[in-house]
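Enquirer: Take this sequence and fold it.
(one chain, ligands or ions: 1)
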Amino acid sequence: MDPARGSDAVLADAAVVFDGERIAWIGPAAEAPAADEMHDAGGRAMLPGWVDSHTHLVFAGDRSAEFEARMAGEPYAAGGIAVTTEATRAAGDYDLTRMLLARQAEAAAGGTTWLETKTGYGLDVEQEARSARIASTVVDDVTFLGAHLVPAGSDPEEYTDLVCGPMLAAVRPYVQWADVFCERGAFTEEQSRRVLTACRDAGLGLRVHGNQLGPGAGVRLAVEFGAASVDHVNYLADSDVEALAGTWRDWDAQTGSGQPGTVATCLPACDLSTRQPLAPARRLLDAGVEVALASNCNPGTSYTSSMNFCVATAVLQMELSVAEALRAATYGGALALRRHAGVDEDGKRAVGSIAVGHRADVQLLNAPSAAHLAYRPGMPLTAAVWRAGDRIRK
Ligand code: NIG
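Expert: Below you'll find the model as predicted:
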């Protein structure tokens with residue numbers, strides 16, 4: 001997945017050398033420099049660790065009854081967010097942290113080595129700040145999603161003011177990103193614009209939940225604000241696709257150089273669980289838009305962190321090649337989080353590709369090639385995972 005090598009480059013009989021947390025060398029196994037410790041992959045496929053750029057993992061409670069009702073024909077309506085909010089508010093810090101750690105461990109066991117997660121089940125100043133603080137102790141990137149749902153009994157305009165003012169100030173020390181659920185039944189275009197403006201002015205990177213349940217302003221706003229990602233993208237007009245493609249004009253997808261635009265993040269597990277049309281990833285790629293695949297793990301619309309499942313679905317149902325799906329689940333996610341190159345001010349290295357200088361985040365499959373992820377869907381193919389050079393799954 002190193003763009004410098006060609007986006008679908010596969011090296012055969014290769015070796016990768018780690019130096020602490022970084023990748024130090026890649027090349028033919030026969031030429032590998034000596035190392036203190038050796039692992040023989042035995043001809044199995046090694047991939048970058050998954051970069052899951054969209055999850056909602058700070059929550060308590062169970063919504064399996066809502067899921068069953070949906071499978072019996074009830075449409076998904078965002079109202080279930082209130083159910084999770086009530087359970088989350090009632091949980092103590094210890095339990096909320098323990099549940100988050102368990103979900104992170106589950107994701108890591110499935111090959112995810114970089115995880116973004118959002119607030120959004122607190123929905124008042126104190127609870128949103130608590131969710132952000134807890135998330136910041138566990139995951140790599142934290143996103144403020146106070147604008148997830150207007151709590152029952154609140155005035156939408158007053159609640160938007162709260163999000164843009166005291167709530168933003170309270171979460172600010174813990175988050176890198178801000179997001180807004182711009183959708184009928186959640187936040188209007190104008191309210192979303194206010195949230196994005198306030199969060200941008202506070203120095204946060206921007207992301208948008210858009211065009212999930214119907215056509216709308218989400219993609220348009222994401223492009224207008226230069227958001228790093230617009231997520232869901234199920235209902236796209238031609239003008240939405242064109243607007244997204246326009247953000248990638250100064251980007252060279254082959255070399256990974258230039259100015260990245262707004263990533264279209266597709267969430268196939270959510271689309272299946274809510275019986276929405278699968279996001280048009282093929283159409284987006286053909287138009288020149290960089291696409292990410294993410295799990296959207298959350299208790300309402302997508303209770304899975306399996307990126308293997310997302311990759312298999314993208315290949316089997318969304319007309320992506322194996323190479324395109326792998327790129328979207330690794331490099332695409334890194335682009336959506338602007339973690340695809342360089343080292344940030346906290347010393348965090350780039351992820352999403354196996355490249356010299358990047359963080360040593362890789363996974364080994366119990367298979368000779370990555371095609372097996374779609375060829376043998378649902379099989380336990382993750383054999384070993386290294387995160388920042390540490391073996392986290394044997
Ligand atoms: O990304 N769309 C909004 N937020 C979540 C669902 C949240 C829920 O229903 O609990 C999503 O699908």
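Enquirer: Pull up the residues of this structure that are close to the ligand.
Expert: Applying CB under 6 Å from any ligand atom, one finds that the chain approaches the ligand through 56, 78, 80-81, 84, 181, 209, 212, 270, 296, 298-301. (Glycine included, C-beta is placed from N, CA and C.)
Enquirer: Output these in TSV; the columns should cover secondary structure and neighbour count.
Expert: Listed next are the residues of the chain next to the ligand as TSV, based on DSSP: H, G, I helix; E, B strand; the rest coil; neighbours: other CB atoms under 10 Å:
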residue	secondary structure	neighbour count
H56	coil	26
A78	coil	18
G80	helix	21
I81	helix	25
T84	helix	25
F181	strand	25
H209	strand	31
Q212	coil	27
C270	helix	28
N296	coil	31
N298	strand	27
P299	coil	23
G300	coil	24
T301	coil	26
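Enquirer: okay, the residues you listed in JSON lines with pLDDT next?
Expert: As requested, the residues of the chain next to the ligand are arranged in JSON lines below (pLDDT from 0 to 100):
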{"residue": "H56", "pLDDT": "98"}
{"residue": "A78", "pLDDT": "84"}
{"residue": "G80", "pLDDT": "94"}
{"residue": "I81", "pLDDT": "96"}
{"residue": "T84", "pLDDT": "98"}
{"residue": "F181", "pLDDT": "98"}
{"residue": "H209", "pLDDT": "98"}
{"residue": "Q212", "pLDDT": "98"}
{"residue": "C270", "pLDDT": "98"}
{"residue": "N296", "pLDDT": "98"}
{"residue": "N298", "pLDDT": "98"}
{"residue": "P299", "pLDDT": "98"}
{"residue": "G300", "pLDDT": "97"}
{"residue": "T301", "pLDDT": "97"}
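Enquirer: Counting neighbours, which bits of stretch 237-246 end up buried?
Expert: For stretch 237-246, burial by neighbour count (16 or more other CB atoms under 10 Å) applies to D240, V241, A243, L244, A245.
Enquirer: List the contacts of it.
Expert: 211, 215, 219-220, 223, 230, 233, 261-262, 264, 280, 283-284, 287-289 (CB atoms under 8 Å, 6 or more residues apart in numbering).
Enquirer: Whichever of the residues you listed end up buried, select them in PyMOL.
Expert: With 16+ other CB under 10 Å as the criterion, this PyMOL line picks the buried residues out of those:
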select buried, resi 211+219+220+223+230+233+261+262+264+280+283+284+287+288+289
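Enquirer: Show me the domain layout of this protein.
Expert: 3-47+352-393, 49-336 (automatic domain parsing).
Enquirer: any idea which of those domains scores lowest on pLDDT?
Expert: Mean pLDDT is lowest for domain 3-47+352-393 among the domains of the chain, at a mean of 93.
Enquirer: From the chain's centroid, how far away is that one?
Expert: Domain 3-47+352-393 sits 21 Å away from the centroid of its parent chain (CA atoms, centre = their mean, to the nearest Å).
Enquirer: Perfect, I'm done here.
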